[in-house]
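**Q** mind looking at a prediction? Sequence and model below.
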Amino acid sequence: MSLGAPEPATLAAYDLTTPQDVFALRRIGQSAAEALGMDRQDQVRIATALSELGRDRLGCEGLTVSFALPPGPERVLAVVFGWTGGAKAAPDLDPASRLLHRVRHETGGGRERIVAEHPLLASWVDSTDARRGVVDALRRHASPTLADDLREQTRDLITALEETRAQREEMRPLQRGAGGDQPRGPRPLHRALAGAGGDEQRGRRPPRRAGGEVGPAARDQRGQDAVLAQHQP
């Protein structure tokens, strides 16, 4: 993979002519995402998407790939594949579109291109030193073989599976807690009425009858109170 002539807003540009260039592109994309502070999952997404796009377009005339942090209200990492022609069919954007924020195919001026974009973290501060770090990461690449690329993909897959398992383990206590704290339904009506009746018998005085007259139970209670009062010293 050879360096191309980058445009002013471009961090780095490369020619894509061999399968080894596509293998290197995978590592370059992952290094750039890491330098931008993205987590491991986003690093793997970007690396995999760029590898798929590069493999799909390999063989097109004048194929290049460039990395940029374009100005504008939306902060994104933009990776642009450009070519002038060739006998290949229209690009297959579906795999990369499943992994990245936005992928589109553009034509014009006798040249075609694919623009793949992924948002930057809100915590990443754009500065001269930060951009220099991304450029250094983009230039740290080797010429890997197919075996190297397959090993790298296997490591990425293992890492993704481990992260998924860890997240599942973290969710299990929450799921068990949610299952054990199910809301209780309303009390049956006959139990509610029985409880209310028992409470009334234990603590409430019987109501007076109309006209101030009390019932037999109240009269018996008053008679017992009078007897007890007579026997008190």
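**A** That came in fine, so what should we check first? Residues are numbered from 1 along each chain as shown.
**Q** pLDDT weak spots in the chain?
**A** 1-8, 141-153, 155-157, 159-160, 163, 177-233 (pLDDT under 70).
**Q** all helices for it, in order.
**A** For the chain, the helices defined by DSSP state H cover 19-35, 40-57, 94-99, 128-139, 146-180, 189-203, 216-231.
**Q** buried set for the shortest one?
**A** The neighbour-count criterion (16 or more other CB atoms under 10 Å) identifies 95-96, 99 as the buried residues of helix 94-99. For glycine as for every other residue, the C-beta is placed from the backbone atoms N, C-alpha and C.
**Q** and if you look at the second one?
**A** For helix 40-57, the neighbour count (16+ other CB under 10 Å) marks 42-57 as buried.
**Q** quick one: which of those is nearest L77?
**A** Among those, I46 lies closest to L77 (CB to CB), at 7.5 Å.
**Q** could you measure from the closest one over to R165?
**A** According to CB to CB, to the nearest Å, I46 and R165 sit 23 Å apart.
**Q** out of the buried residues of helix 94-99, who's nearest A137?
**A** Among the buried residues of helix 94-99, and counting by CB to CB, the member closest to A137 is L99, at 19.7 Å.
**Q** from what I can see the closest one touches T48, true?
**A** Yes. Using CB atoms under 8 Å, L99 is in contact with T48, at 6.0 Å.
**Q** what is the neighbour count of Y14?
**A** 23 (other CB atoms under 10 Å).
**Q** sorry, that was for Q20
**A** 17.
**Q** do the one 5 residues further on as well
**A** L25 has 25 neighbouring residues, counting by other CB under 10 Å.
**Q** ditto for V80
**A** 19.
**Q** ok, now which ones touch it?
**A** 65-66, 68, 113-116 (CB atoms under 8 Å, 6 or more residues apart in numbering).
**Q** just among those residues, which is most surrounded?
**A** V65 (28 neighbours).
**Q** for P73, see how far away that one is.
**A** When V65 is compared with P73 (using CB to CB), they lie 25 Å apart.
**Q** much appreciated, bye for now.
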